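Colleague: Okay, sequence plus prediction incoming.
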Amino acid sequence: MEGQYRKDIYPGLAVGIILKKDQRSGKLTYGIVKNILTSAAYHSRGIKVRLEDGQIGRVAAFAEDEDLL
């Protein structure tokens, strides 16, 4: 799992997040970070972010390929 450290995440970054409804399945939703919602420097389940489309979830991966968006 990636995305546990706040210092690695910034607005404009392409990420894969796990939405609350997808926590059991682990399905990733890809998008661009708009806001970082977690104030702590570290979170074991991933830093919570809001994507540009308004969806909120915890960062589970960094989108290496822009085609995923």
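Modeller: Looks like it arrived, so ask away.

Colleague: doesn't Ile32 make contact with Val49?
Modeller: No - using CB atoms under 8 Å, Val49 is not in contact with Ile32, being 9.7 Å away. To be clear about C-beta, it is placed using only N, CA and C from the backbone, and glycine gets the same treatment.

Colleague: Find the residues that touch each one of these two.
Modeller: The contact sets of Val49 and Ile32 overlap at Val15 (CB atoms under 8 Å, 6 or more residues apart in numbering).

Colleague: can you give me the helices in this structure?
Modeller: Using DSSP state H, no helices are found in the chain.

Colleague: mind checking pLDDT for the residue nearest in space to the middle of it?
Modeller: For the chain, the residue nearest the mean C-alpha position is Val59 (2.6 Å; CA atoms, centre = their mean). pLDDT recorded at Val59 is 97.

Colleague: Not counting its neighbours along the chain, what's nearest it?
Modeller: Gly3 (2.8 Å; CB to CB, 6 or more residues apart in numbering).

Colleague: And Val49 and Ile32? Which one has more around it.
Modeller: When neighbours are counted by other CB atoms under 10 Å, Val49 and Ile32 differ, and Val49 comes out ahead with 26 against 16.

Colleague: Only alpha carbons, please: show the longest strand seen in the chain as CSV.
Modeller: Using DSSP state E, we find that the single longest strand of the chain is strand 28-36. Extracted as CSV, the C-alpha positions of strand 28-36 are listed here (Å, rounded to 0.1, in the frame of the first residue of the first chain):
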residue,chain,number,x,y,z
LEU,A,28,-9.7,1.6,-6.7
THR,A,29,-11.1,4.8,-8.1
TYR,A,30,-8.6,7.0,-10.0
GLY,A,31,-8.5,10.8,-10.1
ILE,A,32,-6.6,14.0,-9.4
VAL,A,33,-6.2,15.2,-5.8
LYS,A,34,-8.0,18.5,-5.1
ASN,A,35,-7.6,18.6,-1.3
ILE,A,36,-5.8,16.7,1.4
